[in-house]
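*Asks:* What follows is a predicted structure for the sequence shown.
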Amino acid sequence: MLRPLAPGVALLALATFAVPASAQTIYPIDRAEILAGARFDLKVEFPGAPAQSAVTVTIDGKDAGSVLGKQATYAAHEDGSDHAAYWIRDAVIGKPGRYTVEAKAGDRSASVTWEVFGTEPRKAKNVILFIGDGLTVAHRTAARILSKGLHEGKYGGELAIDAMPAMALVSTSGTDSVVTDSANSMTAYTTGHKSCVNALGVYCSATKKNLDHPKNETIAELVKRTRGMAVGVVTNTEIEDATPAAMVAHTRRRSDYDDIVRMFYDLKPEVIMGGGSPNFLPKSTPGSKRKDDTDYIKRFEDAGYKFVSTKTELAAANGADKLLGLFNTKNIDGALDRFFLKKGTVEKFPDQPDLTDQVRAALDVLSKNPNGFVLMVESGRIDKYSHSLDWERAVYDTIMFDNAVKMAKDFAAKNDDTLIVVVGDHAHPVSIIGTYDDARPGDRLRDKLGVYEESEVPNYPAPNAAGYPEKVDVSRRLAFVFGSYPDWCETGHPYLDGENVPAVAGADKTYVANEKYCDVPGAARRTGNLPTSAPQGVHSADDVVLTATGPGSEMFHGRIDNTYVYRVMTSALGLGSAE
């Protein structure tokens, strides 16, 4: 039960309650950077569940409730546990500065320091955040080789994602781990707060309820609440997946798809596009994955959205003021499958849009708002194909991503009022170490590998107008290798019959090499370097490269934490200044 906590409650003597061995935990955490005027939840957890009369929470020595202008509540045994929870929800600090928060119970105390930052007046009308999910330097390099060519050590051109004046290295670790996932890392971009693996828009506290952890307002919520700006969320994954969901969601578990759909509806971004239609459909509809009978497609249509499910319908929706596009029951197929190999779910969904089609439509809708917009665009299958050790598919989607960035840069060039940021949310342990050449003598895969002076330029055909070589299974190919993997059989060739499945379920919840590829001539059987519970590759803690252009991009340089990306975007929009 939550009870109101009166301001200025006195600290009782130690003898009146049992003092736990560990200190209390405060959220937001130490060294948190909080935008002036942005909403957040203050939560303090007291081990041992002391009585509310026995605790104090202060900000710079003053009662926290009086400083924040809100009455605190207190749960003596939150969720029936052995800790008490002090809450002030939807708190706001309007004045920039350094704040010290202290929580005391008996002779135990804990303190954190927050930096509340303001911003200069607005520089940018719009912000476009491009997320290459899992995008690493190796993906960029391979995409440049395939789409621009390489001759005598020089490329035939620049990628749009590289031809930008600002650049920085971004560190991505979270509060609980060295290596993060997309939920936590994207939360840092959208809220400016670090979190833990699988969490969206919240700090990970001790409560048992996924939806009741301390929340931090997202940039999408902030710009709609304070500036009346439009918001767009575009992806080629399921729209409920971690990266797009981080624009709107507050949950400890990124798998809470039903709740995430509801959160999209609650915020109502003007543009929502991706895959993942089953969680929008009532459970009585065949193919639905919802646990209730709410028809969210109808609810969005009733709220004035134009609903589209194919590329053709998307093109015909020109002029819509609000747009909901769901183009696949799962993830939208990648560029290599849609344009060339016709694998994946292309036969079932033959009219899926390209990421460029989605960005074009999104800009058409969002640019109508005189107050500007924030648009997040994700090329999410770069990550998913890297997990499955299928680098050609990942790199073709990197080329598609680059085409979408080029489109946004052309849009921004008209008025020079748009900040464009391109960044991976985390890295994969991948590298280009040479080339595989079928003409080299020997039968083993390692015999075909040329390194150093023997790593001749691959013979992919010249790219088409969209930057894609129309043939990927050539005789001399990039040796693009993975640093994390289960037991698997590496062929050194592209997977023409469908996305790679490196490992399959074995006995006792372990994964073993997929024997389908082990009999391919020259294939190399690899003993995995991951736990046997892992069916595919994992992320790495490597810094990712950020490039940016437009008003505010000059703030990017050197090495930064991922939370700083939020700071630059909100600064460019002047969200911490009075309008």
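*Replies:* Cool, the structure landed.

*Asks:* Report all helices and strands that the longest helix seen in the chain contacts.
*Replies:* What stands out as the longest helix in the chain, according to DSSP state H, is helix 391-413. Counting contacts by 3 or more CB pairs under 8 Å, 6 or more residues apart in numbering; DSSP states H and E, helix 391-413 is packed against strand 126-132, helix 137-148, helix 335-336, helix 355-366, strand 373-379, helix 381-387, strand 418-424, strand 476-482. Yep, even glycine has a C-beta here, placed from its N, CA and C like the rest.

*Asks:* what's the closest of those to Asp181?
*Replies:* The closest of the helices and strands packed on helix 391-413 to Asp181 is helix 381-387. By CB to CB, the value is 9.9 Å.

*Asks:* so where do the helices sit in the chain?
*Replies:* For the chain, helices defined by DSSP H occupy the ranges 64-68, 137-148, 182-191, 219-226, 242-245, 257-267, 296-302, 311-316, 335-336, 355-366, 381-387, 391-413, 563-572.

*Asks:* Who are the contact partners of Val127?
*Replies:* By CB atoms under 8 Å, 6 or more residues apart in numbering, Val127 lies in contact with Phe373, Val374, Leu375, Thr418, Leu419, Ile420, Val421, Met569, Ala572, Leu573.

*Asks:* Can you list the buried residues in the longest helix of the chain?
*Replies:* 391-409, 411-412 (16 or more other CB atoms under 10 Å).

*Asks:* Kindly report the same for stretch 123-132.
*Replies:* Those would be Lys123, Ala124, Lys125, Asn126, Val127, Ile128, Leu129, Phe130, Ile131, Gly132, for stretch 123-132 by 16+ other CB under 10 Å.

*Asks:* unless I'm mixing things up, the fourth one is touching Val421, no?
*Replies:* If I follow you right, that is Asn126. No: using CB atoms under 8 Å as the test, Asn126 is too far from Val421 to be in contact (11.5 Å).

*Asks:* Please list all residues in contact with the nearest residue to Leu150 once chain neighbours are set aside.
*Replies:* Spatially, and ignoring its direct neighbours in sequence, Leu150 is nearest to Val457 (5.3 Å; CB to CB, 6 or more residues apart in numbering). Shown in contact with Val457 (CB under 8 Å, 6+ apart): Ile145, Leu150, His151, Thr435, Arg476.

*Asks:* any chance of those in JSON lines, with distance to Ile161, neighbour count and pLDDT too?
*Replies:* Rendered in JSON lines, the data for those read as follows (distance: CB to CB, whole Å; neighbours: other CB atoms under 10 Å; pLDDT from 0 to 100):
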{"residue": "Ile145", "distance to Ile161": "14", "neighbour count": "19", "pLDDT": "98"}
{"residue": "Leu150", "distance to Ile161": "17", "neighbour count": "15", "pLDDT": "97"}
{"residue": "His151", "distance to Ile161": "21", "neighbour count": "9", "pLDDT": "96"}
{"residue": "Thr435", "distance to Ile161": "24", "neighbour count": "22", "pLDDT": "98"}
{"residue": "Arg476", "distance to Ile161": "26", "neighbour count": "18", "pLDDT": "98"}
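
*Asks:* With respect to Ser53, which of those is nearest?
*Replies:* The closest of the contacts of Val457 to Ser53 turns out to be Ile145 (CB to CB; 67.7 Å).

*Asks:* Might one say that Tyr265 is in contact with Tyr296?
*Replies:* Yes: if you go by CB under 8 Å, Tyr265 and Tyr296 touch, sitting 6.0 Å apart.

*Asks:* what does the model give the residue nearest to Arg559 when sequence neighbours are not counted for pLDDT?
*Replies:* Excluding its sequence neighbours, the residue lying closest to Arg559 (CB to CB, 6+ apart) is Leu169, at 4.5 Å. With respect to pLDDT, Leu169 has a value of 98.

*Asks:* nearest to Val55, of the helices and strands packed on helix 391-413?
*Replies:* Of all the helices and strands packed on helix 391-413, strand 373-379 comes closest under CB to CB, at 39.1 Å.

*Asks:* Would you check how far apart the spatially closest residue to Lys224 that is not a sequence neighbour and Lys43 are?
*Replies:* Once flanking residues are discounted, Lys224 sits nearest to Val231: 6.1 Å by CB to CB, 6+ apart. According to CB to CB, to the nearest Å, Val231 stands 27 Å off from Lys43.

*Asks:* ok, back up a step: return the residues in contact with the residue nearest to Lys224.
*Replies:* Ala220, Val223, Lys224, Met247, Leu267, Pro269, Glu270, Val271, Leu366, Phe373, Val374, Leu375.

*Asks:* if I pick the nearest residue to the fifth one once chain neighbours are set aside, what's in contact with it?
*Replies:* Pointing back at Leu267 there. In space, and not counting its chain neighbours, Leu267 is closest to Val248: 4.7 Å by CB to CB, 6+ apart. Val248 is in contact with Gly201, Thr218, Ala220, Glu221, Val233, Ile260, Met263, Phe264, Asp266, Leu267, Pro269, counting by CB under 8 Å, 6+ apart.

*Asks:* so the first one touches Thr187, yeah?
*Replies:* Yes: taking CB under 8 Å as the contact criterion, Gly201 and Thr187 are neighbours in contact, 5.7 Å apart.

*Asks:* higher neighbour count, those two?
*Replies:* The neighbour comparison of Gly201 against Thr187 (other CB atoms under 10 Å) goes to Thr187, with 34 against 27.

*Asks:* Please name the nearest non-neighbouring residue to the more buried one.
*Replies:* Spatial nearest neighbour of Thr187, chain neighbours left out: Ser195 (4.8 Å); criterion: CB to CB, 6+ apart.

*Asks:* So that neighbour is in contact with Met186, correct?
*Replies:* No: applying CB under 8 Å, one finds Ser195 not in contact with Met186, separated by 9.7 Å.

*Asks:* Could I get the contacting residues of the residue nearest to Asp259 when sequence neighbours are not counted?
*Replies:* Nearest-residue entry for Asp259: Thr251, 5.8 Å, with adjacent residues in sequence omitted and distances by CB to CB, 6+ apart. Shown in contact with Thr251 (CB under 8 Å, 6+ apart): Ala199, Leu200, Gly201, Val202, Asn210, Leu211, His213, Asp259, Ile260.

*Asks:* Can you tell me how far the fourth one is from Arg144?
*Replies:* In this structure, Val202 and Arg144 are 38 Å apart, going by CB to CB.
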